[in-house]
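# Here you go, sequence then predicted model.
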Amino acid sequence: MVKELKYGVKVSPLRSQYFMNNTVASFTDISQHWAYPFIQGLQRQGVVSGFKDRTFRPDQTMTRAEFASIVQAAFSLVPQREYTPFADVPADFWAAEAIRNTFRSRFISGFPDGRFLPGENISRLHVLLALVSGLQMQAGASVSLTAIYKDGGNIPNYAQQAIATATRNRLVVNAPTIDILKPNRPATRGEVAACIYQARVFLNQSPIVASPYIVELANPGVIRRGTHLSVNGRTWRAAWGQWSSGICTYTGVSNKGAILVLGMELLNTDDVNVQPVKWFSTIGKSYRLKTQLDREFRYLNLDDIAPVGNWEMVIDNQTLRIFSVPSKVDNITVNENDGICRIEIQLSQATPWELYEQSREWEVVLDAIAAESLANRFPETATTPPKSGNQEQQNEGETSGSSEKPSPIVVRISATQTVIKGTLPDGYRVRTQTLHNRDRLVIELRRDALVEQSILVYPGLRSRQQYLTLEGDKFPAVWLTITPRSGLSIAPIWTETNQMRGTNSFLAITKTWSSLGGINGGYFNRNNLLPLGVIRKDNKWFSGPILNRGAMAWDNNGRVRMGRLKLVETLVISTGQRFEVDLLNTGYVKAGIARYTSEWGASYFPLTLNEIVVVVSGDQVTRQIELPDDQTPTAIPTNGYLLVFRSFRSAVSAFGVGSRLTITATTTPSEFIDFPHIMGGGPLLVQNRNIVVNAEAEGFNYWFGQQLAIRSAVGVTATGEVLMVTVHNRVNGAGPSLTEMAKLMQQLGAIDAINLDGGSSTSLVLGGHLLNRTPDTAARVHNGLGIFI
């Protein structure tokens, strides 16, 4: 459908085929040119065709006749006035039709002496004036051109309003310096292509190109956000954003997108504003990408690296789409030495690639074309999956590795991709790196695959990973360090914000709470999905402590305490009788009285048979209910609570309807009652610099205390830094014991520490990225500790 609009051109809606056609051959001379995405976009849509030698000549100046020709190709022109032939444009002139049509549609005009001067260069100023006139852009609020452009004083008075209009509508593209307009300089073919492209964006005939050279007036900060990243047609859920300096717009992707989708390696940094990355870089050098923090995500600017890969970045609603010209796979070699399998892929040029790593298999997808003869060297064969251990045991970290070796790799090819895949016996992981000086991707399958890393993500928040050595064993540790009083806060988070029942991946939980990151928390019942440990937030007990287990308490001023926590509530009836309540808002059951408040949810579902519920509203008993089964819910009053009697029928008669109640509460340690936030786990690992592991004292069985497993823990240093730590299987062995975990926490500087729900629950998240393991190996959890800005 074609609609007539007010612009003086016919406007057809943008077609989705644009996003599926990334096979158009580029001009031979626009590689790594700043105007590449604009020129490539116009070529993709059939607006420009270049010269017969397959060049575009982006830095060559453009004549007025050539400008008329490209305008005619770019827009469906609608006559607005009569054409009077120009004296210097004969009927048989190659651009006569284009000049006539662009004049009639008010894009261009001649000179007072009746000439058009078709061979004269067109200035950057007159390119913009032509587009504003032809598109009949309406003048808006005035802007100070001298405040936007350093050379704004060079804009003639007659053109001021039109240039202000072009600026507001994002037609102005300035490279390499965005605040220098150069209005009177001849326009190059690349500059004209960029402005024409932006005019088509204005008409919704071309998608929005992401370029730092487009002048866009906006308040400094994040101006756009998206949820998906697409590379050459393949789409992932990965956050991206655009942020403004005031006139310049930068485009970036989350750490997750940079690492998992584009194949970048993040390097160490102590500068929160710059993230060095390695991506087919020369040894010893890196790309230094600007960063932008936005709520739960950290964006890495792609504007400097995009030209290296000849990326065309366009915005399609919530998706940032990247198109690149496929590389070629020149060779693949495989070598094995000292238990390490090394696969080297030689490429004709740098290209995006993705690693898919699962518990027993891995796969790398390259945007590169390989010859069939090369793929035939690595054929698909009938292979037996790795036999190494039970999958659940592997996810828990209870296995000790395997003597198996990875199977031979398999190479598959398509028209635009090469896929390399293989197996991962227990204990093996994938390490990758890219190299320059003949662009190469190196894949290593090894037992010590962790790459040491230290990144200052935000003032007061550092991400670390390295091997920790303990009694000759090497443990891979990944952790976050949060500095107190740095503008960050931590808080308990759980699956459902309006009730305490439910589990989900910890990645999903951090997203629900818009948390920058965090670590999985305390225990829960995997059958009824209810918490089994303390969760206190903003002075409210969402789940009470059980079994005197280890817990961490903290406030908003940087104070942190750890210890074995017990809460005792005392009910005092108006008759003077007193009863202790040992359980508050918990999935743990035992004989006695348990209390459930509205923090638990809207209703209480029985956890055992033969329960009796006493309803208390406004501190007065209003009902007694003998539940008929374990399926019937009872509403929890918002101005009161429920008392649930389990195997304690003899006490119910004291709580007659109309009785008035008061409650007092105490904790051991006593100071915990004064802290607004508490998170439980257990057992306590370190207290006052001493190892105090005693699993049985906290209600865990003997075998739990002896188990080797993947573990998560939280600790605090002598300077008040909070450590969120995950530790996986030692090299050639199983995960740490509780005592070993305590020693590892001491190595990291913890003077107090508690164990959290480890094994397959162990999850450390930052910016929407699971740092410590592949998502398919992480179990659903109930709660955790979130980090907030």
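In hand now; what should we look at? Numbering: from 1, shown residues only.
# so what are the domain limits for the protein?
3-208, 221-323, 327-446, 453-560+675-788, 566-668 (automatic domain parsing).
# where's Arg431, which helix or strand?
strand 429-435 (DSSP states H and E).
# Which elements pack onto that strand?
Contacts defined by 3 or more Cβ pairs under 8 Å, 6 or more residues apart in numbering; DSSP states H and E place strand 429-435 against strand 265-266, strand 353-357, strand 440-446. Yep, even glycine has a C-beta here, placed from its N, CA and C like the rest.
# hey, where'd the helices end up in the stretch 401-550 of the chain?
506-512 (DSSP state H, counting those that start in this stretch).
# Could you list the low-confidence segments of it?
For the stretch 401-550 of the chain, residues meeting the criterion pLDDT under 70 lie at 401.
# ditto for the chain
Using pLDDT under 70, the chain drops low at 1-25, 382-393, 395, 397-401.
# for it, longest helix please?
When the chain is parsed with DSSP state H, its longest helix is helix 189-202.
# Remind me what that one packs against, helices and strands.
Using 3+ Cβ pairs under 8 Å, 6+ apart: helix 189-202 touches helix 36-44, helix 64-74, helix 124-134, strand 208-209.
# quick one: the last one to chain centroid distance?
What that stands for is strand 208-209. Chain-centre distance of strand 208-209: 21 Å, with Cα atoms, centre = their mean, to the nearest Å.
# Partner strands of it and their direction?
If you go by DSSP bridges, strand 208-209 pairs up with strand 312-316 (antiparallel).
# Give me the angle between the strand it pairs with and helix 36-44.
70 degrees (axes from the mean of the first three to the mean of the last three Cα atoms, to 10 degrees).
# just how off-centre is strand 312-316 within its chain?
18 Å.
# what sits up against the helix or strand just after that strand?
Downstream of strand 312-316, the first helix or strand assigned by DSSP H and E is strand 319-323. The contact list for strand 319-323 (Cβ atoms under 8 Å, 6 or more residues apart in numbering) reads 19, 22, 40, 207, 210, 226-232, 235, 240, 251, 253, 262, 306, 311-315, 352.
# Can you tell me the strand partners of strand 319-323 and which way each runs?
Strand pairing for strand 319-323, determined by DSSP bridges: strand 221-231 (parallel), strand 312-316 (antiparallel).
# Which is the succeeding secondary structure element to it?
According to DSSP H and E, the helix or strand after strand 319-323 is strand 327-337.
# Now do the buried residues in that following strand.
The neighbour-count check on strand 327-337 (16 or more other Cβ atoms under 10 Å) flags Ser327, Val329, Asp330, Ile332 as buried.
# Likewise for stretch 107-121?
Those would be Phe107, Ile108, Gly110, Phe116, Leu117, Pro118, Asn121, for stretch 107-121 by 16+ other Cβ under 10 Å.
# and if you look at stretch 674-681?
Phe675, His677, Ile678, Met679, Gly680, Gly681.
# Quick one: end-to-end distance for it.
Using Cα to Cα, to the nearest Å, the end-to-end distance of stretch 674-681 comes to 19 Å.
# again with stretch 294-307
25 Å.
# Just checking the distance from that stretch to the centre of its chain.
Put simply, stretch 294-307 sits 11 Å off its chain's centre (Cα atoms, centre = their mean).
# Residues in a beta bridge with Gly517, which ones?
Going by DSSP bridges, Gly517 is paired in beta bridges with Leu766, Ile787.
# Enumerate every residue touching it.
By Cβ under 8 Å, 6+ apart, the neighbours of Gly517 are Glu296, Leu480, Thr510, Leu764, Val765, Leu766, Gly767, Gly786, Ile787.
# how about the last one, what does it touch?
To tie it back to what came earlier, the one meant is Ile787. Taking Cβ under 8 Å, 6+ apart, one finds Leu461, Leu480, Ile482, Leu488, Ser489, Ile490, Ser515, Leu516, Gly517, Gly518 in contact with Ile787.
# Which residue is the nearest non-sequential neighbour of Ile573?
Once flanking residues are discounted, Ile573 sits nearest to Ser659: 5.4 Å by Cβ to Cβ, 6 or more residues apart in numbering.
# Thought Leu445 was touching Cys341, still the case?
Yes. Checked against Cβ atoms under 8 Å, the pair Cys341 and Leu445 is within contact range at 4.2 Å.
# so what sits against both of those two?
Pro406, Gly422.
# correct me, but Ile259 touches Leu266?
Yes. Here Ile259 reaches Leu266: they are 6.6 Å apart, a contact under Cβ under 8 Å.
# quick revisit: more neighbours: which of Cys341 and Leu445?
Leu445 (23 against 20; other Cβ atoms under 10 Å).
# Confirm for me that that one is in contact with Pro408.
No. Judged on Cβ under 8 Å, Leu445 makes no contact with Pro408 at a distance of 11.4 Å.
# list the residues that contact both of those two?
With Cβ under 8 Å, 6+ apart, Leu445 and Pro408 have common neighbours Gly422.
# thinking again about what came up before, and the strand holding Arg431, what's buried?
Buried-residue list, strand 429-435, by 16+ other Cβ under 10 Å: Arg429, Val430, Thr432, Thr434, Leu435.
# and the nearest residue to the fourth one once chain neighbours are set aside, how many residues sit next to it?
So that's Thr434. Once flanking residues are discounted, Thr434 sits nearest to Phe280: 4.6 Å by Cβ to Cβ, 6+ apart. Under the neighbour criterion other Cβ under 10 Å, Phe280 is assigned a count of 25.
# ok, now Phe475?
Phe475: 24 neighbours (other Cβ under 10 Å).
# and it, what does it touch?
Tyr467, Leu468, Thr469, Val727, His728, Asn729, Arg730, Pro736, Glu740, Leu744.
# try Ala551
Contacts of Ala551 by Cβ under 8 Å, 6+ apart are 533-534, 545, 562-565, 672, 678-682, 754.
# Out of those, flag the one nearest to Gln60.
Met679 (64.8 Å; Cβ to Cβ).
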